[in-house]
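Trainee: just to be clear, the model below is a prediction. Sequence and coordinates:
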Amino acid sequence: MKPYVISNVGMTLDGKLSTVENDTRISGENDLKRVHQIRKDVDAIMVGIGTVLKDDPKLTIHKIPLENNKNPVRIVVDSKLRIPLASRVLNEDAKTVIATTAFDNLEESEKNKRTEKIKELESIENVEIVYSGEDKVDLELLMSKLSKMDIKSILLEGGGTLNWGMFEKNLVDEVRVYVAPKIFGGSNAPTYVDGEGFKTLEESVELELIDYYQMDEGIVLEYFVKKDNNQDNVDNNDN
Ligand SMILES: NC(=O)C1=CN([C@@H]2O[C@H](COP(=O)(O)OP(=O)(O)OC[C@H]3O[C@@H](n4cnc5c(N)ncnc54)[C@H](O)[C@@H]3O)[C@@H](O)[C@H]2O)C=CC1
Ligand SMILES: Nc1nc(O)c(N)c(N[C@@H]2O[C@H](COP(=O)(O)O)[C@@H](O)[C@H]2O)n1
């Protein structure tokens, strides 16, 4: 089994997640409340390390009342353990899983650096390191491990590189996007889904519209990801 994954972003009409200079003010206050309601409904929130390095997010419920003092688990996908120790995602407000790679095969000095960083991270309360893959985080294996940790639902909050990794492996079940009536432009500005991209129409992800409605100045679009039964969910994939 794998967790049910909802991908949510706030993007401009041209699909940008921020400007070229990392201005990410896309959603209005009501849309952020909508996102925080999804945070409340899931077991975990997941982002890539690129988002942590650029935005320093808290990834807690702070735009709507928090009930039972219970924030979802935060998951940071960080192959090379680049996460700064002062990151807000490492504060005591919630548990944080750092998904990283095994490093036994690296050269000695890099191995020592990673061992040191692991020690520092593990000394922070509520931080758990999960190993998955060797060069970059193996997302299918990670989903299987998270499922065994009783994480049944995940809100994937980007950025564009991690979104690609998740769509490429067919790990996303639902899409919810806020489209702002804005154009940011810029080939170097992150888009909803970056990475290598699919080469043909046949490989692309197909969506089925569930709902659409106006929110703040923009529109929210909600879709199911159409599943090809042959490549559906990841099962017992952890050797
Ligand atoms: N408007 C919005 O809703 C959001 C905007 N953003 C924006 O997106 C930008 C960050 O996006 P990116 O730079 O693309 O970083 P990202 O957050 O997608 O992280 C990418 C990193 O994840 C790691 N990773 C490890 N294993 C991976 C795998 N198997 N597949 C993919 N990635 C893997 C790699 O180190 C990779 O560089 C920022 O500008 C941020 O502000 C981010 C989230 C939401
Ligand atoms: N849905 C959405 N709309 C926007 O306009 C955004 N800029 C984002 N950004 C995401 O939210 C994270 C901030 O989380 P905290 O408020 O710090 O908890 C940020 O890192 C992006 O993942 N999202």
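Mentor: Arrived safely. Ligands and ions are numbered 1, 2, ... in the order given.
Trainee: is Leu155 in a bridge, and if so with what?
Mentor: Ile6, Ile45 (DSSP bridges).
Trainee: surely it and Asp43 touch.
Mentor: No: look at Leu155 against Asp43 with C-beta atoms under 8 Å: they stay out of range, at 9.1 Å. For every residue, glycine as well, the C-beta is placed using N, CA and C.
Trainee: who's more crowded, these two?
Mentor: Leu155 (25 against 17; other C-beta atoms under 10 Å).
Trainee: let me see the contact set for that one.
Mentor: By C-beta atoms under 8 Å, 6 or more residues apart in numbering, the contact list for Leu155 reads Ile6, Asn8, Val35, Ile38, Arg39, Val42, Ala44, Ile45, Met46, Pro72.
Trainee: rerun at 6 Å
Mentor: Ile6, Ile38, Arg39, Val42, Ile45 (C-beta atoms under 6 Å, 6 or more residues apart in numbering).
Trainee: which one among those gets closest to Met166?
Mentor: Ile6 (10.9 Å; C-beta to C-beta).
Trainee: tally up the residues packed near the closest one, please.
Mentor: So Ile6, with other C-beta under 10 Å, has 20 neighbours.
Trainee: okay, it and ligand 1: tell me how far apart.
Mentor: Taking C-beta to the nearest ligand atom, to the nearest Å as the measure, Ile6 falls 13 Å from ligand 1.
Trainee: with Leu32 instead?
Mentor: 10 Å.
Trainee: looking at this, that residue is in a strand?
Mentor: No: under DSSP: H, G, I helix; E, B strand; the rest coil, Leu32 falls outside any strand and is assigned helix.
Trainee: tell me the contacts of the closest residue to it other than its chain neighbours?
Mentor: Computed as C-beta to C-beta, 6 or more residues apart in numbering, the closest residue to Leu32 that is not its neighbour in sequence is Lys63, at 5.0 Å. Taking C-beta under 6 Å, 6+ apart, we find Lys63 in contact with Leu32, Lys33, His36.
Trainee: name the residues of this structure found near ligand 1, please.
Mentor: Residues of the chain lying close to ligand 1 by C-beta under 6 Å from any ligand atom are 9-10, 17-18, 22, 24, 26, 47-51, 54-55, 77, 79, 136-137, 139, 157-162, 165, 190, 194.
Trainee: for the contacts of Leu155, which single residue is the most surrounded?
Mentor: Most surrounded of the contacts of Leu155: other C-beta under 10 Å gives Ile45, at 26 neighbours.
Trainee: so it sits right up against Val76, yeah?
Mentor: No: Ile45 is beyond contact range of Val76, at 9.8 Å (criterion: C-beta atoms under 6 Å).
Trainee: next, the residue nearest to Asp104 when sequence neighbours are not counted: phi, psi?
Mentor: Spatial nearest neighbour of Asp104, excluding adjacent residues (C-beta to C-beta, 6+ apart): Lys111 at 7.5 Å. The phi/psi pair for Lys111 (degrees, to the nearest 10) reads phi -60, psi -40.
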